[in-house]
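*Asks:* let me see the structure of the following:
(one chain, ligands or ions: 2)
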Amino acid sequence: MPGVLPDGEPVPADGSLPATATREVGARGFGVYVHVPFCASRCGYCDFNTYTAAELGGGVTREGYADTVLAELRLAARVLGDGPPRRVDTVFVGGGTPTLLPADDLARILDAVDRTWGLAADAEVTTEANPESVTPESLKALRAVGYTRISLGMQSASPGVLAILDRRHSAGRATAAAAEAREAGFDHVNLDLIYGTPGERAEDFARSLDEVIAAGADHVSAYALIVEDGTRLAARMRRGELPYPDDDVAADRYLAAEEALGAAGFSWYEVSNWARTPAARCRHNLLYWAGGDWWGL
Ligand SMILES: C[S@@+](CC[C@H](N)C(=O)[O-])C[C@H]1O[C@@H](n2cnc3c(N)ncnc32)[C@H](O)[C@@H]1O
Ligand code: SF4
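*Replies:* Ligands and ions are numbered 1, 2, ... in the order given. Take a look at the predicted model:
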């Protein structure tokens, strides 16, 4: 299905920004978001801009993607060229599944961001990852080239819930990957959970929280399941094969998350996010919330 352009003026072909925008860039922090739109398979609930090998049309390949990002980075450097000097406070490589790219490609992208604008000495550099797409070796390689934070999609500790969500990994793989990331020397490790999946019982979510806490992650994102139009999950619900999520159940789960995570020493700091210490809060997300500047590649 072709994408629909958003309302408003189209982006100029040369990517230029109004002088009022470039003058101020970086005054309230500067982040870089890199989107990697590839997944091994599509989870039934997800409507993110991502493509499996079978869905990829002509024009883009995983192999050529890092070079495409580098070309767009050169455009960004041209557009911001006349603005004030700036350094990059945060980099967030998201997806999709960034770790489907070889660690070398993720290294080249980070190196190019550094050479273009300069990474701050204490820059936070995150990549998202699927638990089954990382190994102890790939994690060590990412750490060695400057990634400081990893965000792993766990979703649930219950095999039944993972099956309804079409997840490919086993219940224990996400927490094992979190331990491997710690071992590899990542400063910060996040685990994503989804709650309110049809068939999830209160005790299933309680177990997910227990396992996340025991895994040694210092950050948890817990999201209420959103039934997105056009997904397999939405079709199954429309056909009556699965019930729609219940808002009251979701509210109970949210309170359960706050109670369990709070008791384990995590503090809630943003709608769906908890961190063990102030330093473990995701600075890139905070930059968005605080209205800082960022360039998306
Ligand atoms: C880009 S994915 C994370 C990395 C990786 N692709 C993975 O899934 O393991 C971002 C996160 O968004 C959340 N998410 C995606 N679609 C969602 C939905 N429909 N409802 C709630 N959470 C959703 C999941 O928790 C997922 O881990
Ligand atoms: S949740 Fe993650 S792995 Fe699943 S389709 Fe979405 S981006 Fe890909």
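*Asks:* what does the protein put close to ligand 2?
*Replies:* 39, 42-43, 46, 48, 50, 95-97, 130, 153 (CB under 6 Å from any ligand atom). From N, CA and C alone the C-beta is placed, and that goes for glycine too.
*Asks:* 8 Å instead?
*Replies:* The chain has residues 39-43, 45-46, 48, 50, 95-97, 128, 130, 153, 155, 166-168 near ligand 2, with proximity defined as CB under 8 Å from any ligand atom.
*Asks:* hmm, which of the residues you listed are the buried ones?
*Replies:* Listed as buried from those are 39, 42-43, 45-46, 50, 95-97, 128, 130, 153, 155, 167; burial here means 16 or more other CB atoms under 10 Å.
*Asks:* any chance of those residues in JSON lines, plus secondary structure and pLDDT?
*Replies:* Listed next are those as JSON lines, based on DSSP: H, G, I helix; E, B strand; the rest coil; pLDDT from 0 to 100:
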{"residue": "C39", "secondary structure": "coil", "pLDDT": "97"}
{"residue": "R42", "secondary structure": "coil", "pLDDT": "95"}
{"residue": "C43", "secondary structure": "coil", "pLDDT": "97"}
{"residue": "Y45", "secondary structure": "coil", "pLDDT": "98"}
{"residue": "C46", "secondary structure": "coil", "pLDDT": "97"}
{"residue": "T50", "secondary structure": "coil", "pLDDT": "95"}
{"residue": "G95", "secondary structure": "strand", "pLDDT": "95"}
{"residue": "G96", "secondary structure": "coil", "pLDDT": "95"}
{"residue": "T97", "secondary structure": "coil", "pLDDT": "97"}
{"residue": "E128", "secondary structure": "strand", "pLDDT": "98"}
{"residue": "N130", "secondary structure": "coil", "pLDDT": "96"}
{"residue": "G153", "secondary structure": "strand", "pLDDT": "97"}
{"residue": "Q155", "secondary structure": "strand", "pLDDT": "98"}
{"residue": "R167", "secondary structure": "coil", "pLDDT": "95"}
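*Asks:* L193: which of these is nearest?
*Replies:* Q155 (6.2 Å; CB to CB).
*Asks:* D293 - how many residues pack around it?
*Replies:* D293: 19 surrounding residues under other CB atoms under 10 Å.
*Asks:* relative to A215, how far out is H169?
*Replies:* Counting by CB to CB, to the nearest Å, the separation of H169 from A215 is 14 Å.
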